[in-house]
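# Show me how the following folds:
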Amino acid sequence: MSKPTRGLGKGLGALLGDSAGLEQLRRPVHYVNKEVVGAKDPQDTADILRIPVDMIEPNPYQPRLSFDQEALQELAASISSFGLIQPITVRKKSADRYQIISGERRFRACRLAGMDMIPAYIRDASEQGMLEMAIVENIQRENLDPIEVALSYQRLIEECNLTQEQMADRVGKKRASVTNYLRLLKLPAKVQHDLKVGLLSVGHAKVLLGVEDASAQEKLCDLVVKNGLSVRQLEARLKELLAAGQKTPVVAEPLPDEYGRVLERIGKFFDKEISLKRTSSGKGTMTIRFDSDDEMRRFLKALEDSNI
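The predicted model follows:
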């Protein structure tokens, strides 16, 4: 596992230069090659269809009652620039109505961004076995980009209630490989976009995942795209930047597998990312960020139901 590197801070932009001209290389991901609902009868599917916004309704059982408007505006701006990288998941209610299973925040941001079609997975929530088979079959395709693979892994975990170990066994991959793909979804939207459309490789992404600061990740991403750097060249450039007057990097210890399982299980109850840091002596801190009292109550109820 690569070690997260800090210390790439305020002077990074000056060292890397500007990113002018990169807009010509980047185009929003609109899934224009995907079928529109109505072109075929949607069943449980691992593929993506496009659904008119006015045919989608929120889930009345959505545990989150309030959404940060500033964060929604930021997400809408990102979607306008790069498209919706991670489709929402809906279920069919009637011939022309769909209800959100997951992704209401993304749905609201898409409306703010003025989208009239939203990419979505359509599933029958009662047919979990069929969905699992469909997703596993989809993963076997040779033409999936890294983000599509990562999203498929995430769906197996979240919608089919599989652990990372079970999911790795289903798809015939090592757990470390699965974990590395899932980590790609933690990258900023710009980086995910460039990875999805082939401007970056998975090797580049692994290097960027070793940098903790999201702004620094984006600037290094720009550097790769602008100059066509190889993975080795990116690694060398990163070392140069750290030696060019930046702070000595503080390196976090890699987490044992059982710590990853803790993050995986607790993370299901919160919308914000959970951070866990550990020293070589085994001491550390775990930080949980949440948006509402309802999230914490949901977590408490799960603990009480499990007699933990």
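# Which strand or helix spans the nearest residue to Thr285 once chain neighbours are set aside?
With sequence-adjacent residues excluded and distances taken as CB to CB, 6 or more residues apart in numbering, Thr285 is closest to Lys277, at 5.6 Å. C-beta coordinates here come from the backbone N, C-alpha and C atoms, glycine included. Lys277 is part of strand 275-278, with elements assigned from DSSP states H and E.
# same check, this time on Gln99
strand 97-102.
# quick one: strands adjacent to that strand?
strand 56-57 (parallel), strand 88-94 (antiparallel) (DSSP bridges).
# Give me the buried positions along the longest one.
In other words, strand 88-94. Across strand 88-94, burial judged by 16 or more other CB atoms under 10 Å covers 88-92.
# And stretch 183-201, by the same measure?
184, 187-197, 199-201.
# Widest-spaced pair of these?
Using CB to CB, the two most remote members of the buried residues of stretch 183-201 are Ala189 and Ser201, lying 18.0 Å apart.
# Break down the stretch 1-150 of the chain into its helices, ranges please.
All helices of the stretch 1-150 of the chain, identified by DSSP state H, counting those that start in this stretch, fall at 12-16, 69-82, 104-112, 128-139, 146-158.
# least reliable of those going by mean pLDDT?
For the helices of the stretch 1-150 of the chain, the weakest mean pLDDT is recorded on helix 12-16, namely a mean of 58.
# contact partners of the helix or strand following the strand holding Lys277?
Later in the chain than strand 275-278, the nearest helix or strand by DSSP H and E is strand 284-287. With CB atoms under 8 Å, 6 or more residues apart in numbering as the test, strand 284-287 has contacts from 262, 274-278.
# do the same with stretch 80-91
Against stretch 80-91 from outside (CB under 8 Å, 6+ apart): 26, 28-31, 48, 51, 56, 98-104, 106-107, 110, 113-115, 118-125, 147, 151, 155, 159, 185, 189-190, 192-193, 196.
# From these, list just the buried residues.
Here, 16+ other CB under 10 Å leaves 26, 28-29, 31, 48, 51, 56, 98-104, 106-107, 110, 113, 115, 118-123, 147, 151, 155, 159, 189-190, 192-193, 196 buried among the contacts of stretch 80-91.
# Where does the prediction get shaky in the stretch 151-300 of the chain?
Low-confidence segments of the stretch 151-300 of the chain, defined by pLDDT under 70: 244-257, 260, 267-273, 278-282.
# so where do the helices sit in it?
164-171, 175-183, 189-196, 202-209, 214-227, 231-243, 257-267, 293-305.
# Quickly compare those and say which is most buried.
Neighbour counts (mean count of other CB atoms under 10 Å) averaged over each of the helices of the stretch 151-300 of the chain peak at helix 189-196, with a mean of 23.
# can I have that one written out in PDB, keeping just the CAs?
This file holds the C-alpha atoms of helix 189-196, laid out as PDB (Å, rounded to 0.1, in the frame of the first residue of the first chain):
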ATOM      1  CA  ALA A 189     -13.800  14.400  -9.300                       C
ATOM      2  CA  LYS A 190     -11.300  15.900 -11.800                       C
ATOM      3  CA  VAL A 191      -8.900  13.000 -11.200                       C
ATOM      4  CA  GLN A 192     -11.600  10.400 -11.500                       C
ATOM      5  CA  HIS A 193     -12.700  12.000 -14.700                       C
ATOM      6  CA  ASP A 194      -9.200  11.900 -16.200                       C
ATOM      7  CA  LEU A 195      -8.800   8.300 -15.100                       C
ATOM      8  CA  LYS A 196     -12.200   7.300 -16.600                       C
END
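# helices or strands next to it in the packing?
If contacts are counted by 3 or more CB pairs under 8 Å, 6 or more residues apart in numbering; DSSP states H and E, helix 189-196 sits against helix 69-82, helix 146-158, helix 202-209, helix 214-227.
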